[in-house]
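# need a 3D model of the sequence below.
(one chain, ligands or ions: 1)
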Amino acid sequence: RPEPIDASDAKPEAARKVKIGIYFATWWALNVVFNIYNKKVLNVFPYPWLTSTLSLACGSLMMLISWATRITPAPKTDFEFWKTLFPVAVAHTIGHVAATVSMSKVAVSFTHIIKSGEPAFSVLVSRFILGESFPAGVYLSLLPIIGGCALAAVTELNFNMTGFMGAMISNLAFVFRNIFSKKGMKGKSVSGMNYYACLSMLSLVILTPFAIAVEGPQMWAAGWQNALSQIGPNFVWWVAAQSVFYHLYNQVSYMSLDEISPLTFSIGNTMKRISVIVSSIIIFHTPVRPVNALGAAIAILGTFLYSQVSPLSSLSLFFSSLPIASCS
Ligand code: 3PG
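Below you'll find the predicted structure:
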């Protein structure tokens with residue numbers, strides 16, 4: 001006979017589910033808005049190194065203000081903290097800029113289809129670089145992920161090698177970010193929100209000189225004038241929106257981590273990609289062939305299978321969502 005359910009237990013559980021539902025809905029919605037404004041900006045202002053830098057600068061500024069005004073208590077950090085954060089920030093910077101370069105060259109949907117292959121990179125890096133081995137089911141789940149991504153890539157109408165490689169590099173960088181994050185966050189008292197804030201700041205310091213070297217103020221000034229003449233003053237709001245929403249979606253994804261298991265989180269991240277892929281196809285009228293959509297569906301299904309069978313899913317997918325955190 002089933003145990004009688006205590007009504008006093010059921011109520012907090014129901015409230016928790018509502019809270020998690022709100023976190024997920026907010027996280028996906030913020031991510032969709034980020035992706036749309038990011039692409040709108042890149043379509044008229046193809047300088048992904050600057051837009052990536054501005055996203056980090058905006059998040060850093062928002063957090064500095066919230067520390068100064070004590071909306072959020074500032075973290076207590078030492079040299080050791082920043083030293084262990086450094087490799088995480090290098091990987092975060094590479095993963096972020098590579099994804100943005102990708103989106104400047106191909107459809108948002110294509111970048112996210114390739115990014116849904118991130119679990120495959122987790123397994124391959126863990127297997128061939130860290131020497132870990134996995135149950136056969138894990139390797140089998142990689143077949144639909146890799147096969148689906150490959151099918152989607154070869155049938156992509158607007159395929160571009162830089163766009164493809166950017167998404168692949170982002171996958172690889174985020175896997176390393178996750179590995180370094182595991183070490184960096186272990187036993188640390190800094191909250192998820194503040195950890196991400198520090199990560200944004202350090203990434204900003206790392207990225208700025210490279211952005212100046214690769215693109216530089218002259219290109220930016222000319223491009224900015226051109227974008228303003230095409231779009232008008234609204235262009236400035238688009239840039240502000242992509243920067244603010246980048247920080248917010250990453251922050252909310254971090255907050256949701258406090259409430260849910262890593263596995264639920266990883267499934268949430270995959271669902272996020274579905275909502276980004278579908279909404280960007282609708283908004284940007286991205287041409288899609290049935291076989292191309294089939295490839296994306298197979299890859300995403302493979303990610304679900306992976307999350308069910310992988311011992312990594314509890315940790316590595318947890319961190320694959322970290323904006324450290326794509327915690328996304
Ligand atoms: C970025 O610019 O960092 C990427 O768009 C991150 O993508 P993700 O958070 O969906 O992994």
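# going forward, measure contacts and count neighbours with C-alpha atoms only.
Fine.
# what pLDDT does the residue lying closest to Ser66 once chain neighbours are set aside get?
Using CA to CA, 6 or more residues apart in numbering and skipping residues adjacent in sequence, the residue nearest Ser66 is Thr72, 5.4 Å away. If you check Thr72, the pLDDT there is 93.
# how close does Thr72 sit to the ligand?
Distance, Thr72 to the ligand, by CA to the nearest ligand atom, to the nearest Å: 23 Å.
# now do Pro287
21 Å.
# the helix or strand containing Val244 near the ligand anywhere?
According to DSSP states H and E, Val244 maps onto helix 234-257. No. Against the ligand, helix 234-257 shows no contacts by CA under 6 Å from any ligand atom, the least distance being 7.0 Å.
# who's in contact with Pro75?
190-191, 194 (CA atoms under 8 Å, 6 or more residues apart in numbering).
# the ligand contacts on the stretch 51-200 of the chain?
96, 99-100.
# just the ones in strands from those, please.
The strands, defined by DSSP state E, take in nothing from those.
# show me the residues you listed that map onto helices.
Using DSSP state H, the subset of these located in helices is 96, 99-100.
# what's the first helix or strand after the helix holding Val244?
Next along from helix 234-257, by DSSP H and E: helix 262-283.
# return that next one as CSV; C-alpha atoms alone will do.
Extracted in CSV, the C-alpha atoms of helix 262-283 (Å, rounded to 0.1, in the frame of the first residue of the first chain):
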residue,chain,number,x,y,z
PRO,A,262,23.2,18.7,-12.0
LEU,A,263,21.3,16.2,-14.2
THR,A,264,18.1,18.3,-14.2
PHE,A,265,20.4,21.2,-15.0
SER,A,266,22.0,19.5,-18.0
ILE,A,267,18.6,18.5,-19.4
GLY,A,268,17.5,22.1,-18.8
ASN,A,269,20.6,23.3,-20.8
THR,A,270,19.7,21.1,-23.8
MET,A,271,16.1,22.3,-23.6
LYS,A,272,17.5,25.8,-23.7
ARG,A,273,19.2,25.1,-27.0
ILE,A,274,16.0,23.8,-28.4
SER,A,275,14.2,27.0,-27.5
VAL,A,276,17.1,29.1,-28.9
ILE,A,277,17.2,27.0,-32.2
VAL,A,278,13.4,27.2,-32.8
SER,A,279,13.0,30.8,-31.8
SER,A,280,16.0,32.0,-33.9
ILE,A,281,14.8,30.1,-36.9
ILE,A,282,11.4,31.8,-36.7
ILE,A,283,12.7,35.3,-36.0
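# not counting the helix or strand following it itself, show me its contacts.
Reading on from helix 262-283 to the C-terminus, the next helix or strand found by DSSP H and E is helix 290-309. Residues outside helix 290-309 that contact it (CA under 8 Å, 6+ apart): 113, 116-117, 119, 137-138, 141-153, 155-156, 263, 266-267, 270, 313, 317.
# may I see the buried residues of helix 290-309?
Within helix 290-309, the residues that count as buried by 16 or more other CA atoms under 10 Å are 292-309.
# so which bits of the strand or helix carrying Asn35 are buried?
For Asn35, the enclosing helix or strand under DSSP H and E is helix 7-44. Using 16+ other CA under 10 Å as the test for burial, helix 7-44 gives 20, 23-24, 26-42, 44.
# for stretch 160-168, same thing?
162-168.
# out of the residues you listed, who's nearest Ser229?
Gly163 (26.7 Å; CA to CA).
# what is the burial count for the closest residue to that closest one other than its chain neighbours?
Closest residue to Gly163 apart from its sequence neighbours, by CA to CA, 6+ apart: Ser102 at 3.8 Å. Residues contacting Ser102 under the criterion other CA atoms under 10 Å number 27.
# tell me which residues touch Ser275, please.
28, 32.
# rewinding a little: okay, angle between the helix holding Val244 and helix 7-44 too, please.
150 degrees (axes from the mean of the first three to the mean of the last three CA atoms, to 10 degrees).
# chain center to stretch 66-80, what's the gap?
24 Å (CA atoms, centre = their mean, to the nearest Å).
# next one: stretch 273-290
18 Å.
# pLDDT averaged over that stretch - what is it?
92.
# quick check: buried residues in that stretch?
Buried, per 16+ other CA under 10 Å, within stretch 273-290: 273-277, 279-281, 286, 288.
# CSV for the residues you listed, including distance to Trp224?
Formatted as CSV, the buried residues of stretch 273-290 follow (distance: CA to CA, whole Å):
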residue, distance to Trp224
Arg273, 30
Ile274, 32
Ser275, 30
Val276, 27
Ile277, 28
Ser279, 27
Ser280, 24
Ile281, 26
Thr286, 25
Val288, 31
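# perfect, I'm done here.
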